[in-house]
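>>> heads up, no residue letters with this:
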């Protein structure tokens, strides 16, 4: 199969997957107790008031009909409006997306070179003291959940030492990039460990393979053998892991957004579910679904290009 | 200064905390007040509702929305710290002999665009709230106004005609979110009010910037600007305050207050009697339709333990009544103490030995689940098994209004009269305890139509004696409201949340 046909088939499959996600999300949020009217009424659930809110929101229509109407709008490019504030869903996405993209972008920009270099560095010293230290450190750090690391870093560098801002409250991250340091460190920690370990393992395998030994016998320099011949093969599994990390980052990492007050897409989703604001939940589900499909497709294609035999595109 | 890091320690960072030195931990608590001065921007961190928040004052329901409305708008009246209505945009109010018609004289005030505040603006604002097609929160509190008969006598005089005698009408003028907006306003993208601050900018879910309105009728604010920023995590609000990213952090937990009170880095401002903590028993269904069993529940509760463990001591023991320190509160009723023997006797008389009952709770309010767990232990000692059922926090209030027989309850400040009319009458819309008695309804009607202050107070006392003896609310505590500020902030009053002096940034200054 050619790469072009493969891509088309995957995209078609992807749109079916996104549709399935939308139906599932709709059913799940419908299954939650209460609706947007009840959530909005809060601690003043006067039944007459709830009924009035419900009618103002158009929630009396059957669920299937509301879903169909919304889906019809989606096909013509309209994501609908928030039940609560009546602002277009696109505004909610536009409000959270820059923060999420910025965090994901900076994290990936640091993650890819540092994890690959570190992985190769230790793989070339496999079994040595440096390798053992790095392996122990990556396993240890990987075991620390984001929220715990975030709280430690904030308490130490943000509050006690005062070196870095503990939150991004009221700050513009572009104008004041210092607010991004701690959140990016937290986001970086676990993926860095995971990717480094994958690169190291694959590189160790590649360096022990027949073709690398053959290349060495031909008298190629060590650097050329390692970086031009072994590394591309070693990167294929790491690319899959990077795709998962990218997807995770683009979904908005709620814990990090909450601790550091960087309201991105994750926060938008949590707020929307809490308010049972279905159009916003659905709009974000479309975005996350499409992101997942595209990121994984891109990863498969890259892995295929890097190592045609090992890639999963075949 | 023996324990500089109690919050950290609680989270298990003993080793880390032990290795750190706290800069300035020997600092003295600066509690003395400074002379008011003008200038500066105050950044205030509140919990928020995310990107869905709105600037329409009549749609407000969150604390940040209430605080922002207070800065941008005025009400005709607001509540003093004892929940007595205080005139605001209304200079005075004069009822007729039977309190069915009220003449309100407006102050000479102006909106931020220079237009005067007129009687027409007041009538139009109330008409908007009372619109039958809308569902504004203040609608129920203003429902006794007969709008078609009410009129503007002149530009600064409004005459409200009521559908029934209502001596407490000023409570309605002060009700939550009953703000006065310019006539026929429907667009709140750039809100215009008559409050002490005018609009500068708004980013939903993030920040609102307001600036001093020099011509405010109550005197100009001292701050040049106030910025509301949103952080839903309490820890984030505290961290931002400690690091100087904000100067005011709203709604802190008692644990945080205790941890930072003596540290000298921030000031902790506690406002007593800001809310009740309670359990609501539904009196219309088994098992709590039995009066003896309700009294047994009152007697088995160990209130000091609940206050100490759930509120970390930031509060006071309550006496199964609403509104300690508020006008008409029945101070004379003796404090109920724990009496396990009597509780066991009453349980036996009610035939409820070995009773198992579910206590519906959720994370809808801080401390709910903890209080339920502690109370379940206390009930166990009297032979009643309480099963703590943790439900969905987003729909908790609607769920517990209809279902179950025992649930967690809390309420912010409102006059005792409002508490009764909203929750304890046959026709009350949020009657969680299902307390519906014609003779009690009649007492309420008598109270709100009795013009004589002393006679009226007597009726309120009688109502509270009944509720204390056999009502459905087991009110165990009055929680303090806790706010943290930077040392440079002065003029923050201790007032229950949602009263006039709470979050009143026009009275705050920076040293």
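That came in fine, so what should we check first? Model, not experiment: these values are computed from the prediction.

>>> run through the residues that contact the closest residue to residue B:121 other than its chain neighbours.
Excluding its sequence neighbours, the residue lying closest to residue B:121 (CB to CB, 6 or more residues apart in numbering or on different chains) is residue B:183, at 4.9 Å. From N, CA and C alone the C-beta is placed, and that goes for glycine too. Residue B:183 makes contacts with B:118, B:120, B:121, B:124, B:125, as judged by CB atoms under 8 Å, 6 or more residues apart in numbering or on different chains.

>>> per-residue pLDDT, residue 82?
Because you didn't say which chain, this covers chain A. If you check residue A:82, the pLDDT there is 86.

>>> looking at chain B here, not the other one
pLDDT for residue B:82: 92.

>>> any idea which helix or strand carries whatever residue of the stretch 1-150 of chain A ends up closest to chain B?
Proximity of the stretch 1-150 of chain A to chain B (CB to the nearest CB) peaks at residue A:34, 3.0 Å away. Using DSSP states H and E, residue A:34 is not contained in any helix or strand.

>>> got it, and residue B:467?
Following DSSP H and E, one finds residue B:467 within helix B:453-470.

>>> can you give me the buried ones in that helix?
Using 16 or more other CB atoms under 10 Å in any protein chain shown as the test for burial, helix B:453-470 gives B:456, B:459, B:460, B:463, B:464, B:467, B:468.

>>> residue B:504 and residue B:493 touch, don't they?
Yes: counting by CB atoms under 8 Å, residue B:504 does reach residue B:493; the two are 6.5 Å apart.

>>> and the two? which has more neighbours close in?
The neighbour count for residue B:504 versus residue B:493, taken as other CB atoms under 10 Å in any protein chain shown, is higher for residue B:504 (19 against 16).

>>> so what's the more buried one up against?
Applying CB under 8 Å, 6+ apart, the residues contacting residue B:504 are B:70, B:493, B:495.

>>> mind giving me the domain split of chain A?
Using automatic domain parsing, the domain parsing of chain A gives A:3-75, A:92-313.

>>> got those as JSON lines, with distance to residue B:63, mean neighbour count and mean pLDDT columns?
Output for these, formatted as JSON lines (distance: least, CB to CB, whole Å; neighbours: other CB atoms under 10 Å in any protein chain shown; pLDDT from 0 to 100):
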{"stretch": "domain A:3-75", "distance to residue B:63": "12", "mean neighbour count": "16", "mean pLDDT": "85"}
{"stretch": "domain A:92-313", "distance to residue B:63": "16", "mean neighbour count": "19", "mean pLDDT": "88"}
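
>>> how about a markdown table for those domains, with distance to residue B:164 added?
Converted to a markdown table, these look like this (distance: least, CB to CB, whole Å):
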| stretch | distance to residue B:164 |
| --- | --- |
| domain A:3-75 | 19 |
| domain A:92-313 | 36 |
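
>>> name the nearest residue to residue A:116, ignoring sequence neighbours.
Nearest to residue A:116 is residue A:199, by CB to CB, 6+ apart, at 5.6 Å.

>>> does that neighbour touch residue A:119 like I think?
Yes: in this structure, residue A:199 is within contact of residue A:119 by CB under 8 Å, at 2.7 Å.

>>> list residues touching both of the two?
A:234, A:238.

>>> can you check the pLDDT for the residue lying closest to residue B:174 once chain neighbours are set aside?
Closest residue in space to residue B:174, ignoring its immediate chain neighbours: residue B:77 at 4.0 Å, by CB to CB, 6+ apart. Predicted confidence (pLDDT) for residue B:77: 97.
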